[in-house]
Each structure stands twice: as C-alpha cells, then as structure tokens.
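Chemist: the sequence isn't on hand, but the structure is:
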C-alpha cells in the first residue's frame with residue numbers, strides 16, 4: 001500500500017491527487033470487505 005500511495009504521488013498531477021488517493025483507499029477497503037464476504041460464501045462449495 002505505501003508503494004501505491006508513492007506511485008500516485010509521483011504520477012498524478014497535484015490537482016487530481018486527492019481524488020485519486022481517496023479512490024485508492026475506497027477501493028482497497030471495498031476489496032477487503034468483498035473478499036472476506038465472497039470467501040465466506042464460497043467456503044462451503046470449495047472447502
């Protein structure tokens with residue numbers, strides 16, 4: 001995650017940086033929540 005934030009800081013212009021960082025954090029959290037939920041749903045089928 002720190003490397004992703006550093007890449008955003010290097011590659012994204014200053015006026016778009018805050019929006020890009022907020023999207024990165026939002027999608028990271030959504031992925032963690034969705035991953036836990038999906039793995040719980042698939043566990044009975046995949047073992």
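Modeler: Perfect, thanks for sending it. Source: prediction; values computed, not measured.

Chemist: please make it C-alpha for all contacts and neighbour counts, starting now.
Modeler: Noted.

Chemist: which elements pack onto the one helix or strand residue 34 maps to?
Modeler: In this structure, residue 34 is located in helix 14-46 according to DSSP states H and E. Helices and strands touching helix 14-46, as assessed by 3 or more Cα pairs under 8 Å, 6 or more residues apart in numbering; DSSP states H and E, comprise helix 2-11.

Chemist: check what pLDDT the residue positioned nearest the centre of the chain gets.
Modeler: What sits nearest the mean C-alpha location of the chain, by Cα atoms, centre = their mean, is residue 28, with 1.8 Å. Per-residue pLDDT puts residue 28 at 96.

Chemist: equivalent analysis for residue 47, please.
Modeler: For residue 47, the predicted pLDDT is 78.

Chemist: equivalent analysis for residue 1, please.
Modeler: According to the model, residue 1 carries a pLDDT of 88.

Chemist: relative to residue 24, how far out is it?
Modeler: Separation of residue 1 from residue 24 (Cα to Cα, to the nearest Å): 9 Å.

Chemist: and for residue 17?
Modeler: 10 Å.

Chemist: likewise for residue 40?
Modeler: The value you get for residue 40 to residue 24, if Cα to Cα is used, is 24 Å.

Chemist: who's more crowded, the two?
Modeler: residue 24 (16 against 11; other Cα atoms under 10 Å).

Chemist: what's near enough to touch that one?
Modeler: Residues near residue 24 by Cα atoms under 8 Å, 6 or more residues apart in numbering: none.

Chemist: again, but for the one 4 residues further on
Modeler: Residue 28 makes no contacts at all, as judged by Cα under 8 Å, 6+ apart.

Chemist: in this structure, where is pLDDT below threshold?
Modeler: Counting by pLDDT under 70, the chain shows no low-confidence range.

Chemist: for residue 20, grab the count of nearby residues.
Modeler: Neighbours around residue 20, by other Cα under 10 Å: 16.

Chemist: how near is it to residue 34?
Modeler: Residue 20 is 21 Å from residue 34, by Cα to Cα.

Chemist: all good on my end, thank you.
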